[in-house]
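Undergrad: Next one to model:
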Amino acid sequence: MEHVRVEATGTGNFLDPSAYLRLLPTLVGALPPGARAFATDPDHYDFSSGRCVKDLAPGTLLRGTTAGEDWLHLGFRHNCWKHEEDLGIRYVGVTALSLDAEPGSDWTRFGGVTLDEVLPHDHGCRHEIGFLGGSLTVVSRDLVATWTEADCPEKSRAGGAVRADPSPD
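TA: Just a heads-up that it's a prediction; the model follows:
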């Protein structure tokens with residue numbers, strides 16, 4: 001990623017989106033509407049938010065063509081300790097898809113999402129997603145991100161996500 005900092009340390013990963021977040025206001029006008037809405041969502045880079053992409057797990061990858069335009073759908077599964085929703089991202093007008101991992105790796109084995117970065121591109125937008133074990137980059141005309149309630153057997157009876165330190169009501 002160009003602006004989001006992800007560095008492996010001896011005890012985990014150091015994640016810092018601050019340089020990207022400082023730059024984002026200057027990029028907003030060049031992003032297509034769906035990419036703009038996704039990148040500027042206040043919860044997107046808030047590590048304590050249930051709608052932060054950090055820790056989502058790769059799930060489905062579907063590709064196709066409709067009316068002569070290539071599309072891609074990526075499905076991400078929630079992490080029961082953090083999220084109450086799954087994320088689906090539909091890319092329209094896809095011109096490039098690249099996976100950066102060990103040869104023969106299946107993207108569903110990349111591990112959890114570290115962070116991502118959405119940048120303007122001549123064709124629309126470029127979305128790079130970092131994982132614990134690789135990265136995925138999509139160039140498309142636009143994207144639409146949709147959060148949907150997760151079917152999680154580990155949800156508490158109160159309807160919230162399971163937390164490591166649940167506090168009494």
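
Undergrad: C-alpha from now on. contacts and neighbour counts both.
TA: Will do.

Undergrad: for stretch 86-96, the distance to its chain's centre please.
TA: 11 Å (C-alpha atoms, centre = their mean, to the nearest Å).

Undergrad: Dump the C-alpha coordinates for that stretch into CSV.
TA: The C-alpha atoms that make up stretch 86-96 are tabulated as CSV, following Å, rounded to 0.1, in the frame of the first residue of the first chain:
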residue,chain,number,x,y,z
ASP,A,86,-20.3,-9.4,7.1
LEU,A,87,-19.0,-7.2,4.3
GLY,A,88,-19.6,-7.6,0.6
ILE,A,89,-17.8,-5.5,-2.0
ARG,A,90,-19.1,-5.5,-5.6
TYR,A,91,-16.7,-4.0,-8.1
VAL,A,92,-18.1,-2.8,-11.5
GLY,A,93,-16.0,-2.3,-14.6
VAL,A,94,-13.1,-4.4,-13.4
THR,A,95,-10.0,-3.9,-15.4
ALA,A,96,-7.4,-5.6,-13.1
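
Undergrad: Just the residues contacting it, thanks.
TA: Residues from elsewhere that reach stretch 86-96, judged by C-alpha atoms under 8 Å, 6 or more residues apart in numbering: 56, 69-78, 123, 137-150.

Undergrad: check contacts around the residue nearest to Ala39 when sequence neighbours are not counted.
TA: With C-alpha to C-alpha, 6 or more residues apart in numbering as the criterion, Ala39 has its nearest non-adjacent residue at 6.2 Å, and that residue is Val118. Contacts for Val118 (C-alpha under 8 Å, 6+ apart) come out as Ala35, Ala39, Cys125, Arg126, His127, Glu128.

Undergrad: ranges for the strands of the protein?
TA: 5-9, 12-16, 57-66, 69-77, 85-92, 96-100, 113-121, 124-131, 134-140, 142-149 (DSSP state E).

Undergrad: Arrange those in TSV, one row each, with mean pLDDT and distance to Gly50 as further columns.
TA: Putting the strands of the chain into TSV (pLDDT from 0 to 100; distance: least, C-alpha to C-alpha, whole Å) gives the following:
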stretch	mean pLDDT	distance to Gly50
strand 5-9	65	20
strand 12-16	69	17
strand 57-66	93	14
strand 69-77	95	12
strand 85-92	95	7
strand 96-100	91	26
strand 113-121	93	14
strand 124-131	95	18
strand 134-140	93	22
strand 142-149	95	10
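
Undergrad: quick one: which of these is nearest Ser49?
TA: Closest of the strands of the chain to Ser49 is strand 85-92, at 11.2 Å (criterion: C-alpha to C-alpha).

Undergrad: Pairing partners for the closest one, with directions?
TA: strand 69-77 (antiparallel), strand 142-149 (antiparallel) (DSSP bridges).
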